[in-house]
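Participant: quick one, fold the following:
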Amino acid sequence: MCGVVGIVSTGPVNQMLYDALLLLQHRGQDAAGIATAQGKRIFMSRGTGLVRDVFRTRDMRNLFGEMGIGHVRYPTAGSAMSAEEAQPFYVNAPFGIVLGHNGNLTNAAELQDDMYRRDRRHINTESDSEVLLNVLAHELQRAVTGLTLDPDAVFAAVDALHQRARGAYACVGMIPGFGLIGFRDPYGIRPLVLGHQLGPRGMEYMLASESVALEGLGFQLDRDIAAGECIVITEDGQVFSKVSAAAKNGLFPCVFEYVYFARPDSLIDGVSVYEARLKMGESLAQRVQEAFPKGDIDVVVPVPESSRPAAMQLAMKLGLSYREGFIKNRYVGRTFIMPGQEIRRKSVRQKLNAMSSEFKDKRVLIVDDSIVRGTTSQEIVQMARESGARGVIFASAAPPVRFPNVYGIDMPTRNELIAYHRSDDEICRAIGADALVYQGIEAMKSDVQSFNSQLTGLEASCFDGHYVTGDVSAELLDRLEASRRQQAEAA
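Facilitator: Take a look at the predicted model:
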């Protein structure tokens, strides 16, 4: 999972891009990059680490121009800490294209081989984003007639890209002297939104992974980019768009955006993330009510931050006390998107501290947004017991994560998932809780879809094992796991 942003402004764009990346920092903490354009020249700065650490004053001063894109990276493909794989990526022909990508391609290996053998293009990293950029560049070169680039050529190139690329991708690109492009895969798995504001010298436009980035910079949210849609914003502020014929299956956004990744104050595909999490809390309350008699629970405690709405709504529905029993150190990153099991385990204690006064001699219901590897859950249960809890029930606002995700979430290895081939009772024992309650799959889907009837469905493969792109085989999952093991051994 990554964050992308693109802006066509009427003044210097460097500070705006920096501020937008800060608002998208939760989507990736491994690397960050900004590319801007002034005339036909491209200026770029990128590196590993948080946004505040990657960009220095001298870097920002050298990012000239009124148009640019930015990216924050959370590694799901390629090496975890390689500066070479920080985005945006750049190719010099045709015209010069810079691209930032959020998602994962499921046929990246085949495309990379195809790029070399058929298209005579060299891929220098293991990143599927570089593969995607080269596919776009090749198809754009084929689509352009003469020396002039126009929106129709871009639409034709993206149409051809949809025919070749498989998986999830929401991208922003920039072509100096021309403008910005943004496009979304034919299923709309990864999010992308469009907004505008009136600048000092005319209309300004912004593309971003989440609406919170727009609103934080004073832009008005216009709409989500549709599944399979390509949008072109020229450097003089003209907007063109086209939905590809490849987008014939409907809209299937990733449900994990609503469960965990997105900020609660974002709107994604017409659904408030906050409202969706409240609704999930109501459904989870029903499961808890069915499983435990009244009086078995003294207090409800959330695991900050993303489980708070669900926990608050659950407590309200059941008439239970709600308490903040865990205090979060905001200067430690999100443990789910940290590479390496040991790093995640160690960082839980650094990130959270339990207040004994809220646990001592109490029967506690701890609510988290999900249980993936179980590392965090196990540590949290242990912290509650060390703080004197008389009993610990653990509740997940999402169903069991039993299957790998291949569309941009870092859970490609089945054996890393605590729910893989384990019963709920076995999971409960593994994390050390007295009891465990999971959200139902259909309830979770219904909770999100109830806010937007235009959603065809939800990409929920990590919960139900159904991969909407239809090209995910057991052989592909085996290859991904083998690649992941090789990367871990090389690290």
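Participant: tell me where the model's unsure across the chain.
Facilitator: 75-81, 331-347, 349, 411-412, 485, 487-491 (pLDDT under 70).
Participant: what's the domain layout of it?
Facilitator: For the chain, the structural domains run 3-250, 272-455, going by automatic domain parsing.
Participant: and of those, who's closest to Asp471?
Facilitator: Checking the domains of the chain against Asp471 by Cβ to Cβ gives domain 3-250 as the closest, at 5.0 Å. Heads up, the C-betas are built off the backbone N, CA and C, glycines and all.
Participant: would you map the helices across the stretch 201-350 of the chain?
Facilitator: Per DSSP state H, counting those that start in this stretch, the stretch 201-350 of the chain carries helices over the ranges 211-216, 255-256, 273-291, 308-318, 341-351.
Participant: check contacts around the nearest residue in space to Phe463 that is not next to it in sequence.
Facilitator: Distance criterion Cβ to Cβ, 6 or more residues apart in numbering; nearest residue to Phe463, sequence neighbours excluded, is Pro399 at 4.6 Å. Counting by Cβ atoms under 8 Å, 6 or more residues apart in numbering, Pro399 touches Tyr438, Gln439, Gly440, Ile441, Met444, Phe463.
Participant: from the domains of the chain, which stretch is densest packed?
Facilitator: Mean neighbour count (mean count of other Cβ atoms under 10 Å) peaks for domain 3-250 among the domains of the chain, with a mean of 21.
Participant: how about the domains of the chain in a markdown table, adding distance to Pro264?
Facilitator: Compiled in a markdown table, the domains of the chain are given as follows (distance: least, Cβ to Cβ, whole Å):
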| stretch | distance to Pro264 |
| --- | --- |
| domain 3-250 | 9 |
| domain 272-455 | 4 |
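Participant: what's the closest of those to Asp265?
Facilitator: Closest to Asp265 of the domains of the chain is domain 3-250 (Cβ to Cβ; 5.3 Å).
Participant: distance from the chain centre to the closest one, please.
Facilitator: Remark: domain 3-250 is offset 15 Å from the chain centroid, using Cα atoms, centre = their mean, to the nearest Å.
Participant: renumber starting at 36 from here on
Facilitator: New numbering, starting at 36: the last item is domain 38-285.
Participant: start to end distance for that domain?
Facilitator: Across its full length, domain 38-285 reaches 23 Å between end residues, using Cα to Cα, to the nearest Å.
Participant: next: stretch 76-92.
Facilitator: OK, stretch 76-92 end separation, Cα to Cα: 20 Å.
Participant: quick check: Ile462 touching Ala454?
Facilitator: Yes - with contact defined as Cβ atoms under 8 Å, Ile462 reaches Ala454; the gap is 5.9 Å.
Participant: now tabulate the helices of the stretch 236-385 of the chain in CSV and tack on distance to Gly223.
Facilitator: CSV is the format used below for the helices of the stretch 236-385 of the chain (distance: least, Cβ to Cβ, whole Å):
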stretch, distance to Gly223
helix 246-251, 15
helix 290-291, 12
helix 308-326, 16
helix 343-353, 24
helix 376-386, 30
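Participant: quick one: which of those is nearest Val334?
Facilitator: The closest of the helices of the stretch 236-385 of the chain to Val334 is helix 343-353. By Cβ to Cβ, the value is 8.4 Å.
Participant: show me what that closest one is packed against.
Facilitator: Judged by 3 or more Cβ pairs under 8 Å, 6 or more residues apart in numbering; DSSP states H and E, the packing partners of helix 343-353 are helix 308-326, strand 334-337, strand 356-357, strand 398-403.
Participant: residues shared between the contacts of Ile462 and Ala454?
Facilitator: Common neighbours of Ile462 and Ala454, counting by Cβ under 8 Å, 6+ apart, are Ile406, Pro435.
Participant: check contacts around Leu59.
Facilitator: Contacts of Leu59 (Cβ under 8 Å, 6+ apart): Gly38, Val39, Val40, Val107, Ala243, Ser244, Glu245, Val247, Ala248.
Participant: check Ala118 too.
Facilitator: Ala66, Arg81, Gly82, Thr83.
Participant: in those residues, find the pair that's most separated.
Facilitator: Greatest spatial distance among those (Cβ to Cβ): Arg81 and Thr83, at 8.7 Å.
Participant: give me the common contacts of those two.
Facilitator: Ala66, Val89, Ala118, Ala121.
Participant: which of those fall in strands?
Facilitator: The strands, defined by DSSP state E, take in Ala66 from the shared contacts of Arg81 and Thr83.
Participant: tabulate the shared contacts of Arg81 and Thr83 (JSON lines), appending distance to Ile158.
Facilitator: Compiled in JSON lines, the shared contacts of Arg81 and Thr83 are given as follows (distance: Cβ to Cβ, whole Å):
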{"residue": "Ala66", "distance to Ile158": "18"}
{"residue": "Val89", "distance to Ile158": "24"}
{"residue": "Ala118", "distance to Ile158": "17"}
{"residue": "Ala121", "distance to Ile158": "16"}
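Participant: among the shared contacts of Arg81 and Thr83, which two are most distant?
Facilitator: Farthest-apart pair in the shared contacts of Arg81 and Thr83 is Val89 and Ala118; separation 9.8 Å (Cβ to Cβ).
Participant: which residues do those two both contact?
Facilitator: By Cβ under 8 Å, 6+ apart, the residues touching both Val89 and Ala118 are Ala66, Arg81, Gly82, Thr83.
Participant: out of these, who's nearest Arg322?
Facilitator: Closest to Arg322, out of all of those and judged by Cβ to Cβ, is Ala66, at 38.9 Å.
Participant: before we move on, back to that, tell me which of the helices and strands packed on helix 343-353 lies nearest to Ile77.
Facilitator: Between the helices and strands packed on helix 343-353, helix 308-326 lies closest to Ile77; by Cβ to Cβ that is 34.0 Å.
Participant: noted, bye for now.
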